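Trainee: sequence unknown, structure follows:
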């Protein structure tokens with residue numbers, strides 16, 4: 001999917017891989033993790049988040065239908081997972097919630113995506129690219145009304161191919177632009193192409209952001225052969241299940257057409273699309289899921305498209 005020749009890796013990557021592995025192993029073993037590289041853990045909010053994240057992640061919440069978790073509960077959940085510095089691929093599979101997510105915006109199709117979501121009474125998460133926000137500055141506040149806002153870097157590069165200072169600047173710049181356009185919070189991050197490494201994971205977590213990937217790829221960004229709206233819709237309908245985080249893109253007309261087939265099927269199956277913070281607070285992934293990465297979400301189901 002990435003389609004970019006990564007070539008030679010910079011030496012900073014191998015020099016920075018110890019932190020996230022150490023934190024993850026400590027937390028997943030049930031031990032409180034210390035502060036990430038500065039200060040002591042005693043009484044520090046980030047340290048408290050790291051020390052409690054594993055037990056919280058392993059304990060699914062019951063609020064998977066009806067009233068959703070409060071904004072305060074959502075922010076607490078995001079902070080806990082940010083403290084782990086581990087990518088999140090899906091929720092806990094214990095309820096009826098899914099998270100539709102849209103990358104690369106805002107753009108000329110954003111208002112169509114918002115219209116479809118609004119008519120269906122569903123919510124989502126938009127991961128914004130800084131250079132796109134500069135072109136459509138009026139759209140992030142509208143997205144905020146139906147969605148959580150995350151960032152997707154400033155210019156959408158393949159981060160592991162950059163020098164570490166450049167990668168940090170891309171992440172920090174994208175977040176700053178998203179904050180200026182949409183307001184707080186912007187505490188979710190998705191790396192372009194899903195490309196990340198331990199150093200990026202550690203930096204993102206250290207900035208208080210949860211790194212969000214996906215377990216269902218709608219294929220709407222596939223180049224060869226490109227997927228039309230029927231295939232995009234069928235792929236999502238075939239693979240979505242409770243706890244799924246679905247990758248889509250708000251800057252493609254085919255995706256908007258696919259939404260018209262996806263959203264009614266979610267309703268018929270009793271599934272509800274929520275924001276990523278709502279999913280993390282109501283049905284968080286378990287410690288075992290986080291440790292396993294993408295494999296912790298289970299295999300992609302072949303299934304059929306007869307569900308709608």
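Mentor: Happy to help now that I have it. Since this is a predicted model, take the numbers as computed values, not measurements.
Trainee: going forward, measure contacts and count neighbours with C-alpha atoms only.
Mentor: Will do.
Trainee: biggest helix in this protein by residues?
Mentor: If each helix of the chain is counted by residues according to DSSP state H, the longest one is helix 164-182.
Trainee: now what about it, what contacts it?
Mentor: By CA atoms under 8 Å, 6 or more residues apart in numbering, the surrounding residues in contact with helix 164-182 are 10, 12-13, 128-130, 133, 137-138, 140-141, 144, 149-155, 159-160, 185-186, 200, 203.
Trainee: among those residues, which ones are buried?
Mentor: 13, 128-130, 133, 137, 140, 144, 149-155, 159-160, 186, 200, 203 (16 or more other CA atoms under 10 Å).
Trainee: Only the buried residues of the longest helix of the chain, if you could.
Mentor: 164, 167-168, 170-179, 181-182.
Trainee: closest to residue 67 among these?
Mentor: Within those, the smallest distance to residue 67 is 24.6 Å, found for residue 182 (CA to CA).
Trainee: quick one: least confident helix or strand in the protein?
Mentor: Between all helices and strands in the chain, the lowest mean by mean pLDDT, DSSP states H and E belongs to helix 18-28, at a mean of 34.
Trainee: circling back: which ones among the buried ones among the contacts of helix 164-182 map onto helices?
Mentor: The helices, defined by DSSP H, take in 13, 130, 133, 140, 144, 200, 203 from the buried ones among the contacts of helix 164-182.
Trainee: farthest pair in these?
Mentor: 13 and 144 (34.5 Å).
Trainee: and residue 208, that one's in a strand?
Mentor: No: with DSSP: H, G, I helix; E, B strand; the rest coil as the criterion, residue 208 is coil rather than part of a strand.
Trainee: Name the nearest residue to it, sequence neighbours excluded.
Mentor: The shortest distance from residue 208 to any residue that is not its chain neighbour, by CA to CA, 6 or more residues apart in numbering, is 5.4 Å, and that residue is residue 82.
Trainee: ok, now how distant is the spatially most central residue of the chain from residue 116?
Mentor: The central residue of the chain, meaning the one whose C-alpha is nearest the mean C-alpha position (CA atoms, centre = their mean), is residue 212 at 2.6 Å. Distance, residue 212 to residue 116, using CA to CA, to the nearest Å: 23 Å.
Trainee: same deal with residue 244?
Mentor: When distance is defined by CA to CA, residue 244 is 20 Å away from residue 116.
Trainee: Between the two, tell me which one has more neighbours.
Mentor: Here residue 244 and residue 116 are compared on neighbour count by other CA atoms under 10 Å; more neighbours surround residue 244, at 25 against 16.
Trainee: dump the residue contacts of residue 139.
Mentor: For residue 139, the residues meeting the contact criterion (CA under 8 Å, 6+ apart) are 106, 110-111, 133.
Trainee: Quick check: the farthest pair among those residues?
Mentor: Within the contacts of residue 139 (distances taken as CA to CA), the two that end up farthest apart are 111 and 133, at 13.8 Å.
Trainee: Closest to residue 237 out of the ones in helices among the buried ones among the contacts of helix 164-182?
Mentor: Within these, the smallest distance to residue 237 is 25.7 Å, found for residue 144 (CA to CA).
Trainee: can you pull the pLDDT of that closest one?
Mentor: Predicted confidence (pLDDT) for residue 144: 95.
Trainee: which strand is the longest one in the chain?
Mentor: For the chain, the strand reaching the highest residue count under DSSP state E is reported as strand 97-105.
Trainee: So what touches that one?
Mentor: Defining contact as CA under 8 Å, 6+ apart, one finds that strand 97-105 is touched by 64-65, 91, 123-129, 132-133, 152, 156, 240-251, 271-276, 279, 283.
Trainee: Nothing else from me, thank you.
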